[in-house]
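In: Prediction below, plus the sequence it came from.
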Amino acid sequence: MCTVVIDVSEAGARLLAVRDEDPSRPWDDLGAWWPNQHPGVVGIRDRRAGGAWLAIDPGTRRLAVLLNRADILDLPEADVLSRGSLALESVVGRSPRAPLRMHGFNLLEVTPSASRVLHWDGATLRETPVPHGVHMIAHDDLDDPRTARIGMWLPRFTAAATDAGDWAERWVALLAESARLSPADDRAIIRDNNAHGYPTESLLYCTAEVSADAVDVHSHVLAEPGHWN
């Protein structure tokens, strides 16, 4: 139940991404973990499956973030493929195509010229272009009012995007403000999803900027999963 806030403009895009995962599942922070399969690609690695939650290719100025969503996939678990390859393949120009032997996902793809979300529910692969302006996505659709944290915080992130000063500093300050909510509150962005039936908690957040000149990404690991530093 990860969360991404993204601001798209003519110049490119900037985003804040919060990763929720089972704290017991091993992973590695931002690094070039795939020198043979994907040389030059940098990302947050899931050790178990070998894939990425977030990936960046500085050479192509592409970025991708993977968020899980519910699905109606009708396959035995032994036949289901990991979603971890999606972000890695995306940033080298190979977006997923249906049919997919994977559980549901939202894949945010960002380039200097355009951003989009690919939605897979186990049966249908849909595309939603991300218009200019500030948007949020989690486990449902882009800017989906059914997602409590989007309903509460999207107006605040939109307003903060126009304030003076560094955009990342403003958004992280707003993320810190949101963490005053209980991590079990469904409006929370820094989350403990055990209360909602999922063994996942917020582990880290990344800020990133994508432009025609460069991709700039910074990762910040939370000292305690599900709680602000």
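Out: Thanks, I have the structure now. What you see is a predicted model, and the numbers here were worked out from it, not measured in a lab.

In: can we go C-alpha only for contacts and neighbour counts from here?
Out: Will do.

In: outside of stretch 81-96, which residues touch it?
Out: For stretch 81-96, contacts defined as CA atoms under 8 Å, 6 or more residues apart in numbering pick out 38, 41, 46, 49-57, 60, 62-66, 101-103, 105, 107, 109.

In: got a list of what the residue nearest the centre of the chain touches?
Out: In the chain, the residue lying closest to the centroid (CA atoms, centre = their mean) is Val65, at 4.0 Å. Listed by CA under 8 Å, 6+ apart, the contact set of Val65 reads 53-55, 87, 107-109.

In: Show the residue spans covered by the helices in this protein.
Out: Counting by DSSP state H, the chain has helices at residues 85-91, 148-160, 167-178.

In: from those helices, which stretch is densest packed?
Out: helix 85-91 (a mean of 23; mean count of other CA atoms under 10 Å).

In: Report the distance from it to the chain centre.
Out: Averaging C-alpha positions (CA atoms, centre = their mean, to the nearest Å) puts helix 85-91 13 Å from its chain's average.

In: send the alpha carbons of it over as PDB?
Out: Extracted as PDB, the C-alpha positions of helix 85-91 are listed here (Å, rounded to 0.1, in the frame of the first residue of the first chain):
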ATOM      1  CA  SER A  85      11.100  -7.000 -12.900                       C
ATOM      2  CA  LEU A  86       8.500  -4.400 -13.900                       C
ATOM      3  CA  ALA A  87      10.300  -1.200 -12.800                       C
ATOM      4  CA  LEU A  88      13.700  -2.500 -14.100                       C
ATOM      5  CA  GLU A  89      12.300  -3.400 -17.500                       C
ATOM      6  CA  SER A  90      10.300  -0.100 -17.700                       C
ATOM      7  CA  VAL A  91      13.300   2.200 -17.300                       C
END
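
In: sorry, back to before: just the buried residues of the contacts of stretch 81-96.
Out: With burial judged by 16 or more other CA atoms under 10 Å, the buried subset of the contacts of stretch 81-96 is 41, 46, 51-57, 60, 62-66, 101-103, 105, 107, 109.

In: that older thread, could the helices of the chain be laid out in TSV, adding mean pLDDT?
Out: As requested, the helices of the chain are arranged in TSV below (pLDDT from 0 to 100):
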stretch	mean pLDDT
helix 85-91	98
helix 148-160	97
helix 167-178	96
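
In: Reformat those as a markdown table; add distance to Leu118.
Out: Shown next, in a markdown table, are the helices of the chain (distance: least, CA to CA, whole Å):
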| stretch | distance to Leu118 |
| --- | --- |
| helix 85-91 | 11 |
| helix 148-160 | 18 |
| helix 167-178 | 25 |
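
In: Relative to Pro129, which of the ones you listed is closest?
Out: Counting by CA to CA, Pro129 lies closest to helix 85-91 out of those; the figure is 15.4 Å.

In: Report the contact partners of Asn106.
Out: Going by CA under 8 Å, 6+ apart, the list of residues near Asn106 reads 66-69, 117-120, 138-140.

In: Any idea what it is bridged to?
Out: Beta-bridge pairing for Asn106 (DSSP bridges): Leu67, His119.

In: Use 5 as the first number from now on
Out: Got it, the first residue is 5 from now on, which makes the last one we talked about Asn110.

In: For stretch 36-48, give the distance from the opening residue to the closing one.
Out: 9 Å (CA to CA, to the nearest Å).

In: if we look at that stretch, which residues are touching it?
Out: Here stretch 36-48 makes contact (CA under 8 Å, 6+ apart) with 31-35, 49, 56-63, 92, 95.
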